[in-house]
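what follows is a predicted structure for the sequence shown.
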Amino acid sequence: MNLFFYGTLMDPDIREIVCGRPLDRVEPAIAQGFRRVHVAGRHYPMLLPHASGWVDGTLVTGVDAEAVHRLQVYEGWEYALHPIKVRTGSGHQVMAHVFLCPPGIRPDPRHWRLDKWQLRHKRPFLRKALALMERALKRPGLAPRR
């Protein structure tokens, strides 16, 4: 599966914690028709439709079922996978899935930026993400699929 990340999962350290290993087929990409804002009251983003907008992110190709499962555990009920077209750095259009928030998740109009998140929130979040994944994957029904 091809996945487009636009938030904390653009960070390779977070991706490795969540997926349980580094993902190696990674390249920059752009999703058109969106803008990236904060989820209200949170330090992480969501995408909102925006006719003339575009969002830079990370395209990861060939993601296996185990990593997709772990990503779904990480994203939780606030996000669901949806197919979109993204444009790679070389200009090719590729189909990918992206985690989008359902209606009812409130946006904060502030623009979300990875560099600011990394500077202010990444260090404490690394420990939280590791604990979250360890705890979540021990729960019945969420254990790794083998």
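Nice, I can see it.

quick one: list the elements packing against the least confident helix or strand in the chain by mean pLDDT.
Here the helix or strand of the chain ranked lowest by mean pLDDT, DSSP states H and E is helix 123-136, holding a mean of 92. Where contact means 3 or more C-beta pairs under 8 Å, 6 or more residues apart in numbering; DSSP states H and E, helix 123-136 is packed against helix 12-19, helix 65-75. Every residue, glycine included, has its C-beta placed from N, CA and C.

can I get the ones you listed in JSON lines with mean pLDDT and mean neighbour count?
Shown next, in JSON lines, are the helices and strands packed on helix 123-136 (pLDDT from 0 to 100; neighbours: other C-beta atoms under 10 Å):
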{"stretch": "helix 12-19", "mean pLDDT": "96", "mean neighbour count": "18"}
{"stretch": "helix 65-75", "mean pLDDT": "95", "mean neighbour count": "17"}
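
ok, which of those helices comes nearest residue 51?
The minimum distance between residue 51 and the helices and strands packed on helix 123-136 falls on helix 65-75, with 25.7 Å, by C-beta to C-beta.
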